[in-house]
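K.L.:
A predicted structure for the sequence below; I have some questions about it.
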Amino acid sequence: MKRAGKRIARPRPRLGRQRLSREIGIGAFSSRALFPFDEPRQVEFYELRLAPQSSELADPHPPGTTENLVVTSGALEMTVGAERHLLSKGDSILFEADVPHLYKNAGSTECVMYLVMTYTEKSS
């Protein structure tokens, strides 16, 4: 398929087979890529799950990286650098992710989020 001289990739279904899960402290964090790992890209899309009473500390990403996150169930305490934000179902946040950031679920139910990560350069 072509449009305005640029090749448009044929849509491919994503079957949810790629998953990264690991135990963190007293809880569990999982991240499932919702995109193929077939080529470097500037935008990535993930489903994140955070068990009750657990947290996940993320190291700084390269300068210019942004995260756009929406909470679809549960509640999240998001700390970006020194700023703390409380998010509930339906809330979203957009932040520069080149500082340490913490995802924390202080609640009694699982927190489910969807994350779009955008890099200034294609990731490998």
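P.N.:
Structure's in. What do you need? Numbers count the residues shown, from 1 in each chain.
K.L.:
what strands line up against whichever strand or helix holds Leu57, and which way round?
P.N.:
Using DSSP states H and E, Leu57 sits in strand 54-58. Here strand 54-58 is paired, per DSSP bridges, with strand 101-105 (antiparallel).
K.L.:
give the bridge partners for Ala33, please.
P.N.:
Applying DSSP bridges, one finds that Ala33 bridges with Tyr46.
K.L.:
what's the neighbour count on it?
P.N.:
16 (other C-beta atoms under 10 Å). Heads up, the C-betas are built off the backbone N, CA and C, glycines and all.
K.L.:
that one touches Val43, doesn't it?
P.N.:
No: Ala33 is beyond contact range of Val43, at 12.0 Å (criterion: C-beta atoms under 8 Å).
K.L.:
on that earlier part again, quick one: average pLDDT of the strand holding Leu57?
P.N.:
What strand 54-58 shows for mean pLDDT is 94.
K.L.:
need the residues that contact whatever helix or strand comes next after that strand.
P.N.:
Reading on from strand 54-58 to the C-terminus, the next helix or strand found by DSSP H and E is strand 66-73. With contact meaning C-beta atoms under 8 Å, 6 or more residues apart in numbering, strand 66-73 is reached by 48, 61, 78, 87-97, 101, 109-118.
K.L.:
show me what stretch 79-90 is in contact with.
P.N.:
Contacts of stretch 79-90 (C-beta under 8 Å, 6+ apart): 69-78, 93, 95-97, 99-102, 104.
K.L.:
so which of the contacts of strand 66-73 are in strands?
P.N.:
48, 78, 87-88, 92-96, 101, 111-118 (DSSP state E).
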